[in-house]
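>>> Dropping the sequence and predicted coords here.
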Amino acid sequence: ELLQSHPLGSRCEVAPGGRRGVVRFVGRPGGLQICVAVELDEMQGDDVQLGGRWLDGVTYFEPSRADAPVVWKAPKEVVCGDFPELDPFADLSD
């Protein structure tokens, strides 16, 4: 069950904390309410897990790598748009 506002593969920002990543799954894992799985650019937050497996033990998607940080969120906590990966060296001068 896809949401037009959350296309697979789109860049996004996840609350809380403005974490950025890519939408990897949209649907009802375990038959519950709609969730958006986001593969984060960086390991951030205490709600992060590794891989595309949800709490029910079912693998719903294959992340880009086995140790990819993933969060499962309600659609209202994920905003899709122009959210490129952050450059950790952007503020440094030559």
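Yes, it's here. A quick note: this is a predicted structure, and the numbers were derived from the prediction, not measured. Numbering: from 1, shown residues only.
>>> Low-confidence stretches in the chain?
Within the chain, the stretches with pLDDT under 70 are 1-2, 88-94.
>>> Which strands or helices does the biggest strand by length in it pack on?
Assignment by DSSP state E gives strand 19-27 as the longest strand of the chain. Secondary-structure packing of strand 19-27 (3 or more Cβ pairs under 8 Å, 6 or more residues apart in numbering; DSSP states H and E): strand 11-14, strand 35-40, strand 69-73. Quick note: C-beta positions are derived from backbone N, CA and C, even for glycine.
>>> try 7 Å this time
strand 11-14, strand 35-40 (3 or more Cβ pairs under 7 Å, 6 or more residues apart in numbering; DSSP states H and E).
>>> chain center to the shortest one: distance?
Think strand 11-14. Here strand 11-14 is found 7 Å from its chain centre; the criterion is Cα atoms, centre = their mean, to the nearest Å.
>>> go on, stretch 26-33?
15 Å.
>>> Using neighbour counts, pick out the buried residues of it.
For stretch 26-33, a neighbour-count test (16 or more other Cβ atoms under 10 Å) marks 26-27, 29 as buried.
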